[in-house]
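1. Predicted coordinates and the sequence they were generated for:
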Protein chains: 2
Amino acid sequence: MYPSSLQKLIEELKKLPGVGNKSAERFALDILDRKDQDIEPLVNALIGVHQNVKRCLRCAHYAESDLCDICSDTKRDNSTICVVASPKDVIAIERSGQYHGVYHVLHGVISTMKGILPSDINIETLVKRCDDTVKEVIVATNPNVEGETTAMYISKRLSEHACDVTRLASGLPMGGLLDYIDDLTLMKAIEGRKKI
Amino acid sequence: MYPSSLQKLIEELKKLPGVGNKSAERFALDILDRKDQDIEPLVNALIGVHQNVKRCLRCAHYAESDLCDICSDTKRDNSTICVVASPKDVIAIERSGQYHGVYHVLHGVISTMKGILPSDINIETLVKRCDDTVKEVIVATNPNVEGETTAMYISKRLSEHACDVTRLASGLPMGGLLDYIDDLTLMKAIEGRKKI
């Protein structure tokens, strides 16, 4: 019952993650109700993001020039590199405000199931970055089979380098309830217990 | 921490109804991850909807030519006009599949609070449409103060016309539970009770 242009927009909006028919309809009707000049910024932002955002030549995070904001920040500690699987993870760690080193963004993680090999995910450039000035490489891939495999592989590749290779702590999430936590996490939490 | 083009897109996406920071981020990262040719349909759909969708000259529903799909459908019963407050309501009624007449879309409802007068909402064209061929005008505005006011006004304006002016039934929603229904709805349901 919608005119075809509107239906086309609804179909396109439904491709966004987590957007169903109802939400896509609401978005499309909202966009239709706006004045012409009010949709220009949205259209320009859509085109702009594809034209301007590229990957940092050093760490492969999102960047608008050759180096990303973090790599070009002289205040960051270049002797610590945090390895993550995607740019989203950089944002998550930055949001915590606890980390002051630099990053290295992999193109995903090693997966024998999906046929993703170590050579596919930007590990070689990490190995090349790890010269004598680098003291620690924190592998912050997700705590699942593929993330662990990737961490093990990186640790092996860097075994002859002087830097330490570390992994984020596993354990109880803050505010979590002991009797709701899965067994594996609880096991990891007991294994990694600390003196108080 | 996002590059400015990406941040700009996130800000634009946050203007969509019901979209917060988290959702806008997910949408923007999804759009960024697509290939260039994959965002073209979305951009074109956005521009297209503003270029192609206008209002039907007869009923003011969304249309891509002078008349909307419903007004140009010769199988529809032109002697019954259903009056609604917005094009969304046309879609809702069409979805029910129970109505085979035509529509008249108002530009909202009369509201003394918001200073919206009868002359602002396209009622005059409705009065002009109601010639001798029209047998019934169903006022399907929402069952709230403003919707009722608008219905009363239309009924008065059409009092000298031959057509009946009716209102959608108020009562219990199907599948609703008696003890969860608000008092006003229950009162309306009792008032409008029918012989079985």
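-> All right, it came through fine. Residues are numbered from 1 along each chain as shown, chains lettered A, B, ... in the order given.
2. what number of residues lie near residue A:59?
-> Residues contacting residue A:59 under the criterion other CB atoms under 10 Å in any protein chain shown number 25. Just so you know, the C-beta spots here come from the backbone N, C-alpha and C atoms, and that holds for glycine as well.
3. where's residue A:15, which helix or strand?
-> Using DSSP states H and E, residue A:15 sits within no helix or strand.
4. same question but for residue A:72, I mixed them up
-> Counting by DSSP H and E, residue A:72 is part of no helix or strand.
5. what pLDDT does it get?
-> As predicted, residue A:72 sits at a pLDDT of 92.
6. Could you do residue A:159 as well?
-> 90.
7. Between the two ends of stretch A:113-126, how far is it?
-> 24 Å (CA to CA, to the nearest Å).
8. quick one: is it near chain B?
-> No. Using CB under 8 Å from any CB of the partner chain, we find that stretch A:113-126 stays clear of chain B, coming within 15.5 Å at best.
9. Give me the contact list for that stretch.
-> A:60, A:81, A:83, A:104-110, A:137, A:150, A:153-154, A:157 (CB atoms under 8 Å, 6 or more residues apart in numbering or on different chains).
10. If we use 6 Å, what do you get?
-> A:60, A:104, A:106, A:107, A:108, A:110, A:153 (CB atoms under 6 Å, 6 or more residues apart in numbering or on different chains).
11. same deal with stretch A:152-171?
-> Under CB under 6 Å, 6+ apart, the answer for stretch A:152-171 is A:110, A:118, A:127, A:130, A:134-140, A:143, A:151, A:188-189, A:192.
12. Mind checking which of the residues you listed land in helices?
-> A:127, A:151, A:188, A:189 (DSSP state H).
13. Skipping its backbone neighbours, what lies nearest the third one in space?
-> Take residue A:188 and drop its neighbours on the chain: the residue closest to it by CB to CB, 6 or more residues apart in numbering or on different chains is residue A:170, 4.0 Å away.
14. Any idea how many residues pack against that neighbour?
-> 13.
15. So which residues of chain A form strands?
-> A:54-55, A:62-63, A:77-84, A:101-105, A:136-139, A:164-167 (DSSP state E).
16. Pipe the ones you listed into JSON lines and attach mean pLDDT and mean neighbour count per row.
-> Formatted as JSON lines, these follow (pLDDT from 0 to 100; neighbours: other CB atoms under 10 Å in any protein chain shown):
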{"stretch": "strand A:54-55", "mean pLDDT": "90", "mean neighbour count": "16"}
{"stretch": "strand A:62-63", "mean pLDDT": "92", "mean neighbour count": "23"}
{"stretch": "strand A:77-84", "mean pLDDT": "94", "mean neighbour count": "18"}
{"stretch": "strand A:101-105", "mean pLDDT": "95", "mean neighbour count": "23"}
{"stretch": "strand A:136-139", "mean pLDDT": "92", "mean neighbour count": "21"}
{"stretch": "strand A:164-167", "mean pLDDT": "91", "mean neighbour count": "16"}
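17. Tabulate these (JSON lines), appending distance to residue A:10.
-> Compiled in JSON lines, those are given as follows (distance: least, CB to CB, whole Å):
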{"stretch": "strand A:54-55", "distance to residue A:10": "31"}
{"stretch": "strand A:62-63", "distance to residue A:10": "29"}
{"stretch": "strand A:77-84", "distance to residue A:10": "35"}
{"stretch": "strand A:101-105", "distance to residue A:10": "34"}
{"stretch": "strand A:136-139", "distance to residue A:10": "42"}
{"stretch": "strand A:164-167", "distance to residue A:10": "45"}
